[in-house]
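Participant: Sequence and predicted structure are below.
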Amino acid sequence: MPVPPVKPKPALPDRIGRDCRVLFVGINPGLRSAALGHHFAGHGNRFWKLLNASGLVDTPLGPDDDVRLPELGLGLTNVAARPTRGSGDLGSSDFAAGRAVLLRKVRRFGPQVVVFVGITAFRAYFEERGAVVCGARPERIGRARVFVLPNPSGRNAHYDFDRMLEAWRALADSLRSAEDSARRAAGPSD
């Protein structure tokens, strides 16, 4: 009797729950993150500092807390699943496969906003070659709005921490504004 093939375990599991409001999408896992099993775990990565400082979460979190994000309505995934030393090690087949998988995840979990953590991640998904500005975008993935943040990697020389924090706070403000609009549209609660 033939043995069924073993489905490979993802190098870094997604952190997405059924009540995902905001889905953060990186380009791909770094080697350290994959080895530790936690997103954005690189020594110089500022994802968690920015998440905390922007007011997107109420309690300080770090890479080991990525498993807690779904209970906060937040999710984490990547455009490409293969861990590499840097995104330049990825090929077009990594991105083509990743685009299809990400679309299925967005359809399945229905986040209100898909946040690309880095312009490179946005470009990889939308196959965009022109200039990309961080912030709210006109594109949509299914019904989800799209937002682009600067890549929090310590290798990102285009943005210092304060400039990155401005973009993260703009995301927090955008989310609060959308929630306020939804509450007003729902009418008074008794």
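Facilitator: Sure, I can see it.
Participant: where do the strands sit along this protein?
Facilitator: Counting by DSSP state E, the chain has strands at residues 22-26, 74-78, 113-117, 135-141, 144-149.
Participant: Just send those strands back as JSON lines, with mean pLDDT and mean neighbour count too.
Facilitator: For glycine as for every other residue, the C-beta is placed from the backbone atoms N, C-alpha and C. Rendered in JSON lines, the data for the strands of the chain read as follows (pLDDT from 0 to 100; neighbours: other Cβ atoms under 10 Å):
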{"stretch": "strand 22-26", "mean pLDDT": "97", "mean neighbour count": "26"}
{"stretch": "strand 74-78", "mean pLDDT": "96", "mean neighbour count": "25"}
{"stretch": "strand 113-117", "mean pLDDT": "97", "mean neighbour count": "25"}
{"stretch": "strand 135-141", "mean pLDDT": "96", "mean neighbour count": "14"}
{"stretch": "strand 144-149", "mean pLDDT": "97", "mean neighbour count": "22"}
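Participant: Rebuild these as a markdown table, extending it with distance to residue 181.
Facilitator: Below are these laid out as a markdown table (distance: least, Cβ to Cβ, whole Å):
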| stretch | distance to residue 181 |
| --- | --- |
| strand 22-26 | 16 |
| strand 74-78 | 20 |
| strand 113-117 | 13 |
| strand 135-141 | 14 |
| strand 144-149 | 12 |
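Participant: wait, which of those is closest to residue 53?
Facilitator: strand 144-149 (12.9 Å; Cβ to Cβ).
Participant: Paired strands for that closest one, with orientation please.
Facilitator: Neighbouring strands of strand 144-149 in its sheet, by DSSP bridges, are strand 113-117 (parallel), strand 135-141 (antiparallel).
Participant: With distance to residue 176 added, can I get the ones you listed in JSON lines?
Facilitator: Shown next, in JSON lines, are those (distance: least, Cβ to Cβ, whole Å):
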{"stretch": "strand 113-117", "distance to residue 176": "12"}
{"stretch": "strand 135-141", "distance to residue 176": "13"}
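Participant: hang on, the earlier thing: quick one, which of the strands of the chain gets closest to residue 84.
Facilitator: Short answer: strand 74-78, nearest of those by Cβ to Cβ, at 10.8 Å.
Participant: what helices or strands is the closest one leaning on?
Facilitator: Contacts of strand 74-78 with other secondary structure elements, assessed using 3 or more Cβ pairs under 8 Å, 6 or more residues apart in numbering; DSSP states H and E, are made with strand 22-26, helix 92-109.
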